[in-house]
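[1] quick one, structure for this:
(one chain, ligands or ions: 1)
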Amino acid sequence: MDAVKIDGKAIAEALRDRVAGDVALLQAKFNVTPGLAVVLIGNDPASSVYVKTKAKHAQTAGFKSQQFRLPGDVSEAELLGLIGELNADNSIDGILVQLPLPRHIDRWRVLEAIDPTKDVDGFHPYNVGRLAAGRPALVPCTPLGVVHLIRTVVSDLSGLDVVVIGRSNIVGKPLGVLLGDAGCTVTGAQLETRNLARRSREADIVIAAAGCAGLVRGDWLKPGAIVIDVGINRVVDSTGTAKLVGDVSFAEASKRASYITPVPGGVGPMTVGYLLANTVSAAVSRRGLSLGVGPRPAAYSHPTSASKLVQAGL
Ligand code: NAD
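    Sure thing, here's the model as predicted:
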């Protein structure tokens, strides 16, 4: 029997509805509208689409949503100046600078300039360190989305073997921390990893975040494994049509896995959902508020133990 598809689109929609509910509550109880500022530099078509999607969902959820589009040749000083203004603006709770940045701009200087309490991407070393140390932190959105998707099909992760393919700062590394905190034994694989197919075959959960189309084949999977495909790759098929595919050979993997995420419609929508959740979380914690509706905001901002997400019903 083919694997069951994990419907990231529907799960993300439910998450966004919950966030919208929290935004309404913040407005009703405290007259606070969370503000999200998204900064885009240059004209990269993919980045442009991501930014539009983020802004659209932020608006629908009731946020104050602001977009700043800067030319590709903007100076680093000018960009840092804008970040300084957004840091100082109390109506802005979340600041996201869309990556990648043009080569003449130092990515780290920019990411480190963002006020860590507004760092809704969770990329600032302050938040990275706090996550690693098991302290409350703003955590990168894609790893939160991945753990959420896994939680929809297996509630107790304790003791499970997970292979995470890819060790980037935005996906693989934080995911390793979250899953480790949830009791998993995590193998962090990368380009240099030897015997990846064998290691992958031993895993209960395989997460592919390498940016390599079709890397994970059917025979890389143990029967019944859970497969989460983070990869987004643009390929041209035999008819010359461009399409998006993941890092997993979907048809083959579906024959072996128990659950699998599609691309598109799997992890991608969850990333946007958690951007909104992180912004609510930042708004709540920056202002020292409590929504008084249970642990939802805490789960947005304190997910160092993935089990907290479950307690929160996320
Ligand atoms: P990255 O390029 O920063 O890192 C890639 C990692 O994968 C590296 O650690 C590299 O060693 C490893 N890798 C590459 N090829 C490999 C191979 N053949 N075997 C084993 N390991 C290999 O990547 P990233 O920014 O984390 O993105 C990874 C993929 O996830 C990309 O396709 C990206 O578009 C996608 N992505 C999706 C979302 C989403 O919301 N769905 C978010 C972020 C990234």
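
[2] quick one, strands of the stretch 51-200 of the chain?
    64-70, 94-97, 161-165, 185-189 (DSSP state E, counting those that start in this stretch).

[3] how about the ones you listed in a markdown table, adding mean neighbour count?
    Heads up, the C-betas are built off the backbone N, CA and C, glycines and all. A markdown table is the format used below for the strands of the stretch 51-200 of the chain (neighbours: other Cβ atoms under 10 Å):
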| stretch | mean neighbour count |
| --- | --- |
| strand 64-70 | 17 |
| strand 94-97 | 26 |
| strand 161-165 | 24 |
| strand 185-189 | 19 |
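
[4] okay, those strands in CSV with mean pLDDT and distance to residue 225 next?
    Compiled in CSV, those are given as follows (pLDDT from 0 to 100; distance: least, Cβ to Cβ, whole Å):
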stretch, mean pLDDT, distance to residue 225
strand 64-70, 97, 39
strand 94-97, 98, 33
strand 161-165, 98, 9
strand 185-189, 98, 13
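
[5] now the ones you listed as a markdown table including distance to the ligand?
    Output for those, formatted as a markdown table (distance: least, Cβ to the nearest ligand atom, whole Å):
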| stretch | distance to the ligand |
| --- | --- |
| strand 64-70 | 19 |
| strand 94-97 | 13 |
| strand 161-165 | 5 |
| strand 185-189 | 6 |
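
[6] the ligand contacts on the protein?
    142, 165-168, 170-172, 189-191, 193, 196, 209-212, 215, 230-233, 267-268, 271 (Cβ under 6 Å from any ligand atom).

[7] which members of the residues you listed are classed as buried?
    The neighbour count (16 or more other Cβ atoms under 10 Å) marks 142, 165-168, 170-172, 189, 196, 209-210, 215, 230-233, 267-268, 271 as buried among those.

[8] what's the neighbour count on residue 192?
    Neighbour count of residue 192, defined by other Cβ atoms under 10 Å: 7.

[9] what residues are bridge-paired with the residue nearest to residue 120 when sequence neighbours are not counted?
    Excluding the flanking residues, the one nearest residue 120 by Cβ to Cβ, 6 or more residues apart in numbering is residue 94, at 3.6 Å. Counting by DSSP bridges, residue 94 forms beta bridges with residue 36.

[10] could you check how far residue 94 is from residue 277?
    10 Å (Cβ to Cβ, to the nearest Å).

[11] which ones are touching the closest residue to the ligand within the stretch 1-150 of the chain?
    Closest contact between the stretch 1-150 of the chain and the ligand, by Cβ to the nearest ligand atom, is at residue 142 (4.1 Å). Each residue near residue 142 by Cβ atoms under 8 Å, 6 or more residues apart in numbering is listed here: 170-171, 175, 209, 230, 267, 270-271, 274.
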